[in-house]
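Student: what would the 3D arrangement of this be:
(chains A, B and C)
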Amino acid sequence: MIMAKQKKTGEIIIQIDGKKVKAVEGMTILQAAQKADIFIPTLCYHEKLEPYGVCRICTVEIDVSGWTKLVAACLYPVEQDLVVKTRSEKVDKIRKTILEFLLAHAPNSPQLQELAQEYGADKDRFEKESSFCILCGLCVRYCAEVKKKHAVGYVDCGARREIRFIPEIAAKECHSCKECFPLCPTSYLQAAFVLTQAVSSR
Amino acid sequence: MPKLNSAAELEKWRKGVLSRRDPDKPSIAICAGMGCFGHDNGKIFAAFEKEIDKKDLKTKVYLRATGCHGYCEKGPMVIIYPDEICYMGVTPKDVPEIVSESVLGNKVIDRLVYADLDSGKKAVHPSEIPFYKNQMRHLIGSNTKIDPQSIDDYLAVGGYSALSKALMDMSPEEVLEEIKKAELRGRGGGGFPAGWKWKTARDAPGKEKYVIVNAHEGELGAFMDRAIFTGNPHCVLEGLIIGAYAIGSHQGFIYTRHDASRMKNNIDTAVAKAEEYGLLGENILGSNFDFHMEVHLDIGIFVSGESSALMRSIEGNIPEPRPKYIRTSVSGIWGKPSALNNVETWANVPLIIDKGAEWYTATGTEGSKGTKLVSLSGNIVNTGVAEVPFGTTIREIVYGIGGGIPNGKKLKAVHFGGPMGGCIPESLIDTPLDFDELAKLGAPIGAGSMLVLDEDADMVDVTRYFLGFLSNESCGKCVPCREGIRQMLKILINLCDGKGKEKDIELLEEISEVTGAASLCALGKTAADPLLSTLRYFRDEYEAKIGKGESPAEKRE
Amino acid sequence: MTAGHTFEPKILGFLCNWCCYAGADLAGVSRFQYPPNIRVIRVMCSGRVDPAHIFRAFATGQDAVFIGGCHLNDCHYVTHGNYDALGMVYVCKKLLEHIGLNPERLRLEWVSAGEGIRFSNIMNEIGPKMEKLGPLGKGEGLDEQELKAKLEAVTKLIPYIKLVLSERLRVPVRKEEAYTEFFTGEEFNRLFDELIADKLAKYPHVSARTQDVKKETVDNAKIDRIINKHKGEARSLIQVLLEIQKENHWIPVEVLEKVSKKLDVPLSRIKHIVTFHKTFSLNPKGSDE
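Tutor: As a prediction, the model looks like this:
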């Protein structure tokens, strides 16, 4: 995808929150920040997986040739003289609202609750939704990229998007694996798994 | 049919086609566009065939099912050449009379021609009919003379001479330079300068490059791409091959809808015929330039019209967009540089190469050159596809071409850009049609669909409709779009049902800020644009719905 | 019991060791009479009772289930297990109602160790009430097979229901008013419908369903032809699926699996594509659509 093999090991200096940070060409802002011990919150990021950029909570403000833009830190590639701000009024507002969207689905998720405290997100802002999956995709991507079994995948689109296990594959592979379970920030993955078992048992 | 191996052979063939055609022989052009198709124009065609057979006129008359004539409101349309008599609302019963009076005879059948709604004044020729005479039909004008299944028809109107000129007389850099000078901007909604996109693709590293025609046309209310592509597929093909030559690409893709079977049929025929004639494939016209085409169908979802989602779909993956931090013209299909443009953009290319950038830039405004196809629909007298130069005011389009608002109603607003656009209120309709001018007012031109709304339209309901559409067609990958649209739609439905609460408007504005700033692709980023636009100009309608449920429009009834 | 009456309801009771069981014992020692239809199982806490126990009881012929625990806020354990029992019973009652059984068949009461009289009063009340309701299923007009199938479906879904209960149907405050407010509220009804009732409807009598669906014979040759036309290339996946849908009007699961194998594409990707938009149909359509 975007961060392919590093063709040149050109060193780049970027600025994050006023601090000069050394980065390497091919890195993303998030990788550079983590290397410099600067915290940027994430929900759908995992170091073993290709960055997905869907939770958008890692949104940061960047200054490039005089233009200010809001981009996802886990996907945006570093470039020389990039200026990054990990907190600002706009960024904080975005993170707070995203958290409130997700808390309407999974108010009891520990990861969400921890971030909610930091950004002042109110879990009762929006009406509670029934589905408690936040669609971070960690389970799907882990099974596809690390285990290469593709036992769990997406179905449908838009607001009806869901994760579901493929019964035929799950029946064979999941019992001895379940490595995706601890990745799930809610317990929806487990719920989806037992649901699949209920459906496929004849 | 032996392949044409040089520009000279092409011209010779063209001369031969023209010489075999008698310009004085009567020619019947039956509109086979989608609108007329819905009015059973097939039966009219069959009726003409029968009548021609009966009167033994097969060799004395040309009969064609052509592309869309544009005047969808008045379909089924039939034009009799060489006198250019336009008949409207034709039924199979009228056919024998048309043949005897206007084909064999020289008479005009009064009841079938255009009549002004108020004065009753008749108009027979396009140069007299307001809908046509106020247009500048550079692109769609040839539709009435071309049977999309025939490549010779296209050659007869001068087709493929631009390709010949580009391949033989110009270098790829010169072609690119000409497009840049013409300031051709993307017609699909982005308005991005095509020349720059092509240059980026050309300069990007790698030998394998792709060019793509985006014929998805998902925007609600837009049906002009279909009119051009179904009616004159060769002009788009020609533009694509010229573009490929300029960029250095040897593989092209046409991405179109799986449910538009006639368009696909016409495209397949056009590609096959072009290959047969040597205008596509190996060593085109003996120029040493190779170019191949593939036609791909979509799954049916709106988001697959987004350029990066479209490229995923061509790869065989699910059509989900990706953030464009690295442009698709640098890394597109399978990571290769891919130049994607809209049907209408490609259709402009042969025109620019043929007549030159100087001629092209003489039309239009400072920031928007050339003509634009617009599709008129909604509360308007004349629905259909029209072509106007940039700079034409919205008033001129709605009243001069569109014929105004039916049933004596007043115009309220014109909505551009479908679910990702905005509206221009009546007070601002002297704004010229221009990418930047309209964008400044919060109503980017989009693909050119113009949804005309009269005084009875409920703007909150219109916004709810668009958001409802997007909530079904969003891919659902990223949180701001999926959840943002979900929550905004809930609030709008409550407002429409009279259950609006205090602070609903503020909440809508806040959500739209986040959706606009943090979404992954353009669908999410512009999902709230109709909302913001209607709030900008019709805020009172929203405020009236807080706790009440009636719009000012309903109150007036 | 009225003379000539033949139906004797079978009631299974789960009594918590510390309060209710002791209360029942006291009732016995004090010779407070109550009908002998109840069989008792002693649990350490009412919170231990699982929906699986309740539905197993119903599936094995019980007409009613009684759960007895300590009074709220008096639970022997610091975890206040009786609140868990409360939440669980609200959900189970709704489930019973949903499948057509009278929710009164499940009863939850708080009885302390010294309330022998209260226990026998409750039992004296339940017995006749259950007599009136009639045997499980028959009393509500459900036939035996239908009842069996419905109970089976619910039982299969229980691991899922428990996760939903613990994740989404949680009440943050251990107060009776909070529980009452939540479980009688609109939000609970909505969540129940969307999370549980919806799933029950989609995967109902699983065993019954497979008998209903006619085994449509798939024209394998036609499918092979389409795949080969596109040279079995993974990149033509969408075109292949579109053609199969067009020719066959629907795509059976076996065909999805076949395409997955032949094009070497993960089944999960194919499933996503065919559910992405209503263009594809995974169920056979009528013949004149």
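Student: check contacts around the residue in the stretch 101-250 of chain B that chain A sits nearest to.
Tutor: When distances are taken as C-beta to the nearest C-beta, the stretch 101-250 of chain B approaches chain A most closely through B:Pro205, which lies 10.2 Å from it. No exception for glycine: its C-beta is placed from N, CA and C like everyone else's. Applying C-beta atoms under 8 Å, 6 or more residues apart in numbering or on different chains to B:Pro205 gives no contacts.
Student: phi, psi of A:Leu135?
Tutor: Note on A:Leu135: backbone dihedrals following degrees, to the nearest 10 are phi 50, psi 40.
Student: let me know the pLDDT of it.
Tutor: pLDDT, the model's per-residue confidence, is 95 for A:Leu135.
Student: can you get me a residue count around the closest residue to it other than its chain neighbours?
Tutor: Once flanking residues are discounted, A:Leu135 sits nearest to A:Arg161: 6.1 Å by C-beta to C-beta, 6 or more residues apart in numbering or on different chains. By other C-beta atoms under 10 Å in any protein chain shown, 20 other residues sit near A:Arg161.
Student: find the nearest non-adjacent residue to B:Glu426, please.
Tutor: Closest residue to B:Glu426 apart from its sequence neighbours, by C-beta to C-beta, 6+ apart: B:Leu411 at 4.8 Å.
Student: who's that neighbour bridged to?
Tutor: Listed by DSSP bridges, the beta-bridge partners for B:Leu411 are B:Asp454.
Student: now do B:Arg64
Tutor: Beta bridges link B:Arg64 to B:Ala29, judged by DSSP bridges.
Student: count the neighbours of it for me.
Tutor: Using other C-beta under 10 Å, the number of residues around B:Arg64 comes to 22.
Student: that one: what's it in contact with?
Tutor: B:Arg64 is in contact with B:Ser27, B:Ile28, B:Ala29, B:Ile30, B:Lys145, B:Ile146, B:Asp147, B:Asp153, counting by C-beta under 8 Å, 6+ apart.
Student: could you measure from the second one over to B:His69?
Tutor: Applying C-beta to C-beta, to the nearest Å, the value for B:Ile28 to B:His69 is 13 Å.
Student: between the two, which contacts overlap?
Tutor: By the contact definition C-beta under 8 Å, 6+ apart, B:Ile28 and B:His69 are jointly contacted by B:Ile79.
Student: what about the two, which has more around it?
Tutor: Per other C-beta under 10 Å, whichever of B:Ile28 and B:His69 has more neighbours is B:His69, with 31 against 25.
Student: contacts only, for the more buried one.
Tutor: Under the criterion of C-beta under 8 Å, 6+ apart, the neighbours of B:His69 are B:Ala29, B:Cys31, B:Gly33, B:Cys36, B:Gly75, B:Met77, B:Ile79, B:Asn143, B:Thr144.
Student: narrow those to those in helices?
Tutor: Among the contacts of B:His69, the residues falling in helices (DSSP state H) are B:Cys36.
Student: can you pull up the most central residue in the chain?
Tutor: In the absence of a named chain, chain A is used. The C-alpha lying nearest the average C-alpha coordinate of chain A belongs to A:Cys44 (C-alpha atoms, centre = their mean; 1.4 Å).
Student: please refer instead to chain C.
Tutor: C:Val154 (3.1 Å).
Student: centre of the chain versus the helix or strand that contains that residue, how much separation?
Tutor: In this structure, C:Val154 is located in helix C:144-167 according to DSSP states H and E. For helix C:144-167, the distance from its own C-alpha centre to the chain's C-alpha centre is 3 Å (C-alpha atoms, centre = their mean, to the nearest Å).
Student: any residue of it touching chain A?
Tutor: Yes - under the criterion of C-beta under 8 Å from any C-beta of the partner chain, helix C:144-167 makes contact with chain A via C:Lys156, C:Leu157, C:Pro159, C:Tyr160, C:Leu163, C:Val164, C:Ser166, C:Glu167.
Student: just the buried residues of the residues you listed.
Tutor: Among those, the ones that count as buried by 16 or more other C-beta atoms under 10 Å in any protein chain shown are C:Lys156, C:Leu157, C:Pro159, C:Tyr160, C:Leu163, C:Val164, C:Glu167.
Student: pretty sure the second one sits against C:Asp198.
Tutor: It stands for C:Leu157. No - counting by C-beta atoms under 8 Å, C:Leu157 sits too far from C:Asp198 to count as a contact (11.1 Å).
Student: got the CA coordinates for stretch C:40-49 in PDB?
Tutor: Extracted C-alpha coordinates of stretch C:40-49, given in PDB (Å, rounded to 0.1, in the frame of the first residue of the first chain):
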ATOM      1  CA  VAL C  40     -35.900 -27.100  44.600                       C
ATOM      2  CA  ILE C  41     -32.400 -26.600  43.500                       C
ATOM      3  CA  ARG C  42     -30.100 -24.900  45.900                       C
ATOM      4  CA  VAL C  43     -27.600 -22.300  44.400                       C
ATOM      5  CA  MET C  44     -25.200 -20.200  46.300                       C
ATOM      6  CA  CYS C  45     -26.600 -17.000  44.900                       C
ATOM      7  CA  SER C  46     -29.500 -16.100  42.700                       C
ATOM      8  CA  GLY C  47     -27.000 -14.400  40.500                       C
ATOM      9  CA  ARG C  48     -25.600 -17.900  39.600                       C
ATOM     10  CA  VAL C  49     -28.800 -18.700  37.700                       C
END
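Student: what segments of chain A are helices?
Tutor: A:29-35, A:89-103, A:110-119, A:138-141, A:167-173, A:188-200.
Student: of the ones you listed, which is nearest C:Pro172?
Tutor: Taking C-beta to C-beta as the criterion, C:Pro172 comes closest to helix A:110-119 out of those, the separation being 11.5 Å.
Student: in the stretch 451-557 of chain B, which spans are helices?
Tutor: Listed from the start of the chain, the stretch 451-557 of chain B has helices (DSSP state H, counting those that start in this stretch) covering B:459-473, B:479-496, B:504-518, B:522-526, B:529-544, B:552-556.
Student: is chain A contacted by the fifth one?
Tutor: When you say that, I think you mean helix B:529-544. No - with C-beta under 8 Å from any C-beta as the threshold, helix B:529-544 lies outside contact range of chain A, at a closest distance of 15.7 Å.
Student: element containing B:Glu174, please.
Tutor: The secondary structure element spanning B:Glu174 is helix B:172-181 (assigned by DSSP H and E).
Student: get me the contact residues on chain B for chain A.
Tutor: Residues of chain B that fall close to chain A, judged by C-beta under 8 Å from any C-beta: B:301, B:303, B:318, B:322-323, B:325-326, B:331, B:471-480, B:482-487, B:490, B:510-511, B:513-514, B:517-520.
Student: okay, and the residue in chain C positioned nearest to chain A sits in which element?
Tutor: Evaluated by C-beta to the nearest C-beta, chain C has C:Ser268 as its residue closest to chain A, separated by 2.7 Å. Assigning secondary structure by DSSP H and E places C:Ser268 in helix C:267-276.
Student: can you list contacts of that helix?
Tutor: Counting contacts by C-beta under 8 Å, 6+ apart, the residues outside helix C:267-276 that touch it are A:140, A:144, A:150-157, A:164, A:166, A:168-169, B:299, B:301, B:317-319, B:475, C:237-238, C:241, C:251, C:256-257, C:259-260, C:280, C:282.
Student: check the residues you listed for burial and list the buried ones.
Tutor: A:140, A:144, A:150-157, A:164, A:166, A:169, B:299, B:301, B:317-319, B:475, C:237-238, C:241, C:251, C:256, C:259-260, C:280.
Student: related to what we said a few turns ago, next, format the buried ones among the residues of helix C:144-167 next to chain A as JSON lines and append pLDDT.
Tutor: Supplementary listing: those in JSON lines, determined by pLDDT from 0 to 100:
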{"residue": "C:Lys156", "pLDDT": "91"}
{"residue": "C:Leu157", "pLDDT": "91"}
{"residue": "C:Pro159", "pLDDT": "92"}
{"residue": "C:Tyr160", "pLDDT": "92"}
{"residue": "C:Leu163", "pLDDT": "92"}
{"residue": "C:Val164", "pLDDT": "91"}
{"residue": "C:Glu167", "pLDDT": "87"}
